[in-house]
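Q: Fold the following.
(chains A and B)
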Amino acid sequence: MYEAGFKPIAQGVAHPLEVEGLEVSLGGNPILKGVSLRVVPGEIVALLGPSGSGKTTLLRAVAGLIRPTSGRIALGSEVFFDGRRGVFLPPERRNLGLVFQSYALWPHRTVFDNVAYGLRLRRIPEDRVRERVLSLLDRLGLTGLERRYPGELSGGQQQRVSLARALAYDPNLLLLDEPLSNLDAKLRDQARVWLRQTLKATGKAALFVTHDQAEAMAIADRIALLREGLVEQVGTPEELYRHPRTLFVADFLGNPNVVDALVLEVGDEFARLELSGFPVRARVMASLTPGRLAKLVLRSEDLRVATPGEVNTVEGELAHSLYLGAQYEHWLRVGDTLLRFQWKQPLVGSRIQVAFDPEKALAYPG
Amino acid sequence: MYLYVASTIQNVDASLEEAARVAGAGPFRMAMTVTLPLVRPALIYSGILMLLLGFELFGLPLVLGDAKGIMVVTTYLYRLTAITGSSAYHLMAAVSIAIVSIALLLVLLQRFLLGRTEGRFVAVGTRGHRLERLPLGRLRWMWAGVLGLYLLVAVVLPILGVVLRSLVISWGPGVDLLEVLTLAHYREIFTLPNLSRAVTNTLLVASVGGLLSLVFYLFVALGIQRGQAWGRFLDYLSGIPRAVPGLVMGLAFLWVFLFVKPLAPIRETLLSLLIAYTVVWTPYGVRLLTAALLQVGREMEEAARVAGASPARAFLNGTLPLLRGGLLTAWFLLFIQFVREYSTGVYLLTSGTEVIGAQIVALWGTGAVEIIAALATIQVIIVGLVFLLASRIGVRPQGL
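A: Got it, this is the predicted structure:
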């Protein structure tokens, strides 16, 4: 439905973004320690990670606002940065669109002039600038606001103007730094759908930074999870959620229970463990050693109240029950660990038995 | 010092203080245990600054102490020429070096004390709403009275005295003020070429010169903000003039213009004053502009870069328009400082480079009190008018 507004000015061939072995140091501290990533045209990739993981640094390095120490960044045949050959293309020659976390709209320019800036720098005739800006504002639901100043707009409108400014000159790649973090919670939920739809309609490769896992999963085609300057895992949201390669990934996505369990016996796919005295089966995610402690990841939505005769169960004492509207959140004390799980009904009685599927429980070396 | 500490106290996050109040501390206890420790760096900084200023002070000791034979290093330096009867450059150089090294020591001490405290005292946080005032109760009136009296004695009376002195022929017991009232001194100022030049030169140096040094400070501040390793070096470098009193700096530039032949023609133009003033006020001006730059986020400029603007263009389009307010404030403040400046110009005073401040110092030796009073009044009027104009167009003359 948005297609018409995003017609490129000059038909260019879309190229994939390739980042290889990128290292960045800021003030002597290594921030990125060899990051490789590929984003193909039309694909939205989220850079996800805790603060300090280097996700914003990676985005700024791609934009050319930071000079990496080594590695390579290229868009198709155009080399942005090559540490070995000493190539560094300044940001203004990379033809990228960047949406800042703070939007960074120029407060002394009208909405129209903000969006037109990049076009005017490219010496596009004024009548075409006008046509392009107005149609873009129209597509982004900003009709009639072109004479306003950014200070007179709501947060959501500013965010869209910022996106319009980044899209105006038909950039080869879109970069977004925490694009939704300045919106309030309710607006953010709507903006997710809108942003994904809009980015998809442009057909451009998009790279966006977020610390919000739900946002990353909702918007992105693929997620690159960063940890301390390295890519921990790249994959579709479902891959990362269902098949997290490491405990870090499993723990970062969702808000699972992570409990200690003693490894009893290790098989090809499943292992037998002991969780506070209860024998359970779980998926082996990495090499486990019998007799050692393992970390068991149990997602709260994968735990259910056991029906009589069910296997793979643990029993505990109900510690807290929180009413969350759609469901209850129960906290079960099993031995000296607490297990959190969601359930439709309130629970009665103090001893509760919960069950889980072995393939949903993930065991990592402790 | 008051302004510096006051602005720091205003920047203390109110929630830090409120936390103390909620924890059970009374307002006074809160001030002692939370607010004061938080602004300790500001207190140290301004304390040493006062020491430095006191050390470099030249005008007051010259006027008050000189006749009674009380000398401080700066007035001693000034008098050296008179004592020996000939230009005693070697002695003057020695005294200068002594002054500079003591001052440099103080500056380094200040840096050292502040350097250790970085991070623990970041008091500039999110601006919570201001806490209600400390209720002083009945003490309030007394306190207001004390402050009022202090201002009256320290500021209002002296200025009134100067203004009055400039309007009378003579004064003393038994003189009827109405009979001796005259505007003759002002007439004299505007007829004597060197005195009227002093007024026009002062205005010229303060306005045009202030603007030129503003541009210079802007480049230095940009270098500090963006130069990384170079920036830190520039930062240190721009702080050094703080250790050099205006009098010594003026002397140094006099020698530069005297002994470096290619530069000699500059000495008799206002350019000499402009250069000396710019250097003397570098720490002040650069601090003003780095603060102004900090207010404008880098992102405005980065957004322009990404959109396709060259670095210079991105600065002109993205940062400069937002910097206007800060630049205007800085210009006003520099104007005021340049008008008030008296010690730097003393040694650079030639026919053609008179400024009010230096002219007053030069006239002091001749005992022309009426003219001095009139010149000083003009100076006060200029500064006052600029102050008024500044607050009219919404520039807050803070941090003076």
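
Q: Pick out the residue nearest the middle of the chain.
A: No chain in the question, so chain A it is. residue A:216 (2.9 Å; CA atoms, centre = their mean).

Q: that answer is for a different chain, and I need it for chain B
A: residue B:337 (5.1 Å).

Q: Once you drop chain neighbours, what's closest to that one?
A: Excluding the flanking residues, the one nearest residue B:337 by CB to CB, 6 or more residues apart in numbering or on different chains is residue B:281, at 5.9 Å. For glycine as for every other residue, the C-beta is placed from the backbone atoms N, C-alpha and C.

Q: residues near the one you found, how many?
A: 23 (other CB atoms under 10 Å in any protein chain shown).

Q: List the buried residues for stretch A:234-243?
A: A:234, A:235, A:237, A:240, A:241 (16 or more other CB atoms under 10 Å in any protein chain shown).

Q: and the helix or strand hosting the first one, what other elements does it pack with?
A: Put plainly, it is residue A:234. Using DSSP states H and E, residue A:234 sits in strand A:230-235. Under the contact criterion of 3 or more CB pairs under 8 Å, 6 or more residues apart in numbering or on different chains; DSSP states H and E, strand A:230-235 touches strand A:29-39, strand A:222-227, helix A:247-252.

Q: now the ones you listed as JSON lines including distance to residue A:201, mean pLDDT and mean neighbour count?
A: Output for the helices and strands packed on strand A:230-235, formatted as JSON lines (distance: least, CB to CB, whole Å; pLDDT from 0 to 100; neighbours: other CB atoms under 10 Å in any protein chain shown):
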{"stretch": "strand A:29-39", "distance to residue A:201": "17", "mean pLDDT": "93", "mean neighbour count": "18"}
{"stretch": "strand A:222-227", "distance to residue A:201": "19", "mean pLDDT": "95", "mean neighbour count": "24"}
{"stretch": "helix A:247-252", "distance to residue A:201": "30", "mean pLDDT": "93", "mean neighbour count": "20"}
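
Q: List the beta-bridge partners for the nearest residue to residue A:49 once chain neighbours are set aside.
A: Distance criterion CB to CB, 6+ apart; nearest residue to residue A:49, sequence neighbours excluded, is residue A:226 at 3.6 Å. Counting by DSSP bridges, residue A:226 is bridged to residue A:231.

Q: Pull up the residues of the stretch 51-200 of chain A that are close to chain B.
A: Residues of the stretch 51-200 of chain A found near chain B (CB under 8 Å from any CB of the partner chain) are A:63-65, A:90-98, A:100, A:102, A:104-108, A:117-118, A:121-122, A:165-166, A:169.

Q: 6 Å instead?
A: A:63, A:65, A:91-92, A:96, A:98, A:100, A:102, A:104, A:108, A:117-118, A:121 (CB under 6 Å from any CB of the partner chain).

Q: Now list the buried members of those residues.
A: Buried among these (16+ other CB under 10 Å): A:63, A:65, A:91, A:92, A:96, A:98, A:100, A:104, A:108, A:117, A:118, A:121.

Q: Could you list the low-confidence segments of the stretch 251-400 of chain B?
A: Applying pLDDT under 70 to the stretch 251-400 of chain B flags the ranges B:394-400.

Q: which residues of the stretch 201-350 of chain A fall in helices?
A: Here the stretch 201-350 of chain A has its helices, by DSSP state H, counting those that start in this stretch, at A:213-219, A:237-242, A:247-252.

Q: For the second one, give me every contacting residue.
A: By that I understand helix A:237-242. A:217, A:223, A:233, A:249, A:253 (CB atoms under 6 Å, 6 or more residues apart in numbering or on different chains).

Q: Could you give the number of residues near the closest residue to residue B:369 other than its chain neighbours?
A: For residue B:369, ignoring the flanking residues on the chain, the nearest one in space by CB to CB, 6+ apart is residue B:165 at 6.7 Å. Residue B:165 has 18 neighbours, counted by other CB under 10 Å.

Q: could you say which helix or strand contains residue B:165?
A: helix B:157-167.

Q: Give me the buried positions along that helix.
A: Buried residues in helix B:157-167 (16+ other CB under 10 Å): B:162, B:165, B:166, B:167.

Q: how about that helix as PDB, C-alpha atoms only?
A: Below are the C-alpha coordinates for helix B:157-167, written out as PDB (Å, rounded to 0.1, in the frame of the first residue of the first chain):
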ATOM      1  CA  LEU B 157      28.600  53.400  47.700                       C
ATOM      2  CA  PRO B 158      31.900  53.200  45.900                       C
ATOM      3  CA  ILE B 159      30.200  53.500  42.500                       C
ATOM      4  CA  LEU B 160      28.100  56.500  43.700                       C
ATOM      5  CA  GLY B 161      31.300  58.000  45.100                       C
ATOM      6  CA  VAL B 162      33.100  57.700  41.800                       C
ATOM      7  CA  VAL B 163      30.100  59.100  39.900                       C
ATOM      8  CA  LEU B 164      29.800  62.000  42.300                       C
ATOM      9  CA  ARG B 165      33.500  62.700  42.200                       C
ATOM     10  CA  SER B 166      33.400  62.900  38.400                       C
ATOM     11  CA  LEU B 167      30.700  65.600  38.700                       C
END
